[in-house]
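Novice: Below are the sequence and a predicted model for it; my questions follow.
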Amino acid sequence: MACMVDSAFIQASEHRPKVSILEAGGIPLIDLSTLNSSNSNSPEALSGLVAEIGAACKDWGFFQVINHGVPLQLQERIESAARKFFALPLEEKRKVRRDEENPLGYYDTEHTKNVRDWKEVFDFTLEEPAFIPASQEPHSQEFQTLNNQWPHYPPEMREACMEYARGVEKLAYKFLELISLSLNLPPGRFKGFFKDQTTFIRLNHYPPCPEPQLALGVGRHKDGGALTILAQDDVGGLEVKRKTDGEWVRVKPIPNSYIINVGDIIQVWSNDKYESVEHRVVVNSQKERFSIPFFFNPAHSVMVKPMEELLEENDTPKYEEYNWGRFFKSRKDSNFKKQAVENVQIYHFRVTK
Ligand SMILES: O=C(O)CCC(=O)C(=O)O
Ligand SMILES: [Fe+2]
């Protein structure tokens, strides 16, 4: 059969999406209303919530939250700006395109594991500007300044994006506390790592795909940062690899909810108590889909290693420490174009005995 999608998008047969879909009935759904109500001081309510989050991180690495306290209006504004921006002609979008010097802005040729993704994206950082190392070399002391590139249209783009990012940031810090508590650490244990954070937010647009059985919106991957807070529209397509049996299960869209997942850094901090779980995005031939991940990332200077307090007697760190900035830089460079080798993964830092 003649193929309607370019060969760069075609997944190896073992990674292609399934025709039948398993709905993830199992992904934990957590109600955060206790955080935002007068009950928030009740120790019982808080410890119940902490236990739920701990179990979700351990069993799934993924969960959905409702009653999260981020105003719906922030969500509506950024989604509307994203729809207007992606509807522009390609030449307009390319005026703010990402290039080898600046990894922020518009981009439609991202590769995940060296296969092209069926999507276009717009990236911006929460801190303006943000800093990352200028090179992946271990001894380089030079920094690169990341500046957001804002399009002229829609005119509200910058404000809609930044207000959304600031709203979700508050929620991200709450999760950091709850996750710390669930590991029996003080609530503020991780906070200092996020001063001068490299957090970025991505607007994803997945256009309809004529052959959705051959390509993926995003190929299977784990998120490299600490924590991801994802908003998705009502189309659906995100699939999570279930820990119990390795099956791909679909995350059901729930209005005004977020999907939270543990990234690689929390896996390392927790010395594998929590795992960063593989996920991917399936596209479809009928409907376009929009999603907005908030990638909560520490400062580039942070050295990531298992928390000493979590190492019990006879328990040794499972990872060598690594520098977040260089990891991030190396990921950004490798996603920019197709490469011959696998990009950096945390298992490269795993201690082998
Ligand atoms: O669009 C989605 O549902 C998820 C996207 C994703 O996993 C990513 O951008 O890292
Ligand atoms: Fe992801």
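Specialist: Perfect, I can see it now. Numbering: from 1, shown residues only. Ligands and ions are numbered 1, 2, ... in the order given.

Novice: continuing past whichever strand or helix holds residue 181, what's the next helix or strand?
Specialist: In the assignment (DSSP states H and E), residue 181 maps to helix 157-182. Remark: after helix 157-182, the chain's next helix or strand is strand 200-206, criterion DSSP H and E.

Novice: what sits up against that next one?
Specialist: Contact with strand 200-206 is made by 78, 82, 85-86, 104, 118-126, 130, 161, 164-165, 168, 217-218, 237, 281, 283, 288-295, 297, as judged by C-beta atoms under 8 Å, 6 or more residues apart in numbering. For the C-beta atoms, the positions are set from N, CA and C on the backbone; glycine is no exception.

Novice: give me that answer again for 7 Å
Specialist: 82, 86, 118-126, 161, 165, 217, 237, 281, 283, 288-295 (C-beta atoms under 7 Å, 6 or more residues apart in numbering).

Novice: and the helix or strand just after it, is it in reach of ligand 1?
Specialist: Sequence order places strand 218-221 as the next helix or strand after strand 200-206, per DSSP H and E. Yes: applying C-beta under 6 Å from any ligand atom, one finds strand 218-221 in contact with ligand 1 at residue 218.

Novice: other SSEs contacting strand 218-221?
Specialist: strand 111-112, strand 279-281 (3 or more C-beta pairs under 7 Å, 6 or more residues apart in numbering; DSSP states H and E).

Novice: hang on, residue 194 packs against residue 298?
Specialist: Yes: here residue 194 reaches residue 298: they are 5.5 Å apart, a contact under C-beta atoms under 7 Å.

Novice: The two: which has the busier surroundings?
Specialist: residue 298 (23 against 20; other C-beta atoms under 10 Å).

Novice: who are the neighbours in contact with the more buried one?
Specialist: Taking C-beta under 7 Å, 6+ apart, one finds 193-194, 197-198, 226, 265, 324 in contact with residue 298.

Novice: one step back: return the most buried member of the helices and strands packed on strand 218-221.
Specialist: Highest mean neighbour count of those: strand 279-281, a mean of 23 (counted as mean count of other C-beta atoms under 10 Å).

Novice: Downstream of that strand, the next helix or strand is which one?
Specialist: strand 289-296.

Novice: Could you tell me the angle between that following strand and strand 200-206?
Specialist: 160 degrees (axes from the mean of the first three to the mean of the last three C-alpha atoms, to 10 degrees).

Novice: Pull the distance from strand 289-296 to the chain's centre.
Specialist: Remark: strand 289-296 is offset 7 Å from the chain centroid, using C-alpha atoms, centre = their mean, to the nearest Å.

Novice: what does it rub up against?
Specialist: So strand 289-296 is contacted by 78-79, 82-83, 165, 168, 172, 199-206, 223, 225-233, 235, 237 (C-beta under 7 Å, 6+ apart).

Novice: can you do 6 Å?
Specialist: For strand 289-296, contacts defined as C-beta atoms under 6 Å, 6 or more residues apart in numbering pick out 82, 168, 172, 199-206, 225-233, 235, 237.

Novice: what residue ranges in this structure score low on pLDDT?
Specialist: Along the chain, the model assigns pLDDT under 70 to residues 1-3, 19-26, 38-41, 335-338, 340, 353.

Novice: any chance you could map the helices in it?
Specialist: Ranges of helices in the chain, per DSSP state H, are 43-59, 72-86, 90-93, 157-182, 264-269, 324-336.

Novice: Quick one, which of those helices gets closest to residue 140.
Specialist: Ranking the helices of the chain by distance to residue 140, with C-beta to C-beta as the measure, places helix 324-336 first at 8.5 Å.

Novice: That closest one - contacts with which helices or strands?
Specialist: strand 130-133 (3 or more C-beta pairs under 6 Å, 6 or more residues apart in numbering; DSSP states H and E).

Novice: which residues does whatever residue of the stretch 251-353 of the chain ends up closest to ligand 1 form a beta bridge with?
Specialist: Nearest to ligand 1, among the residues of the stretch 251-353 of the chain, is residue 291, at 3.4 Å (C-beta to the nearest ligand atom). On DSSP bridges, the residues paired with residue 291 through beta bridges are residue 204, residue 232.

Novice: And for residue 112?
Specialist: For residue 112, the beta-bridge partners under DSSP bridges are residue 115.

Novice: Look up how far residue 324 lies from it.
Specialist: Applying C-beta to C-beta, to the nearest Å, the value for residue 112 to residue 324 is 20 Å.

Novice: Then residue 203?
Specialist: For residue 203 relative to residue 324 (C-beta to C-beta), the value is 23 Å.

Novice: With residue 104 instead?
Specialist: From residue 104 across to residue 324, the span is 18 Å (C-beta to C-beta).

Novice: Residue 101 too?
Specialist: For residue 101 relative to residue 324 (C-beta to C-beta), the value is 21 Å.

Novice: With residue 144 instead?
Specialist: 14 Å.

Novice: Tell me which of these two has more neighbours.
Specialist: residue 324 (25 against 18).
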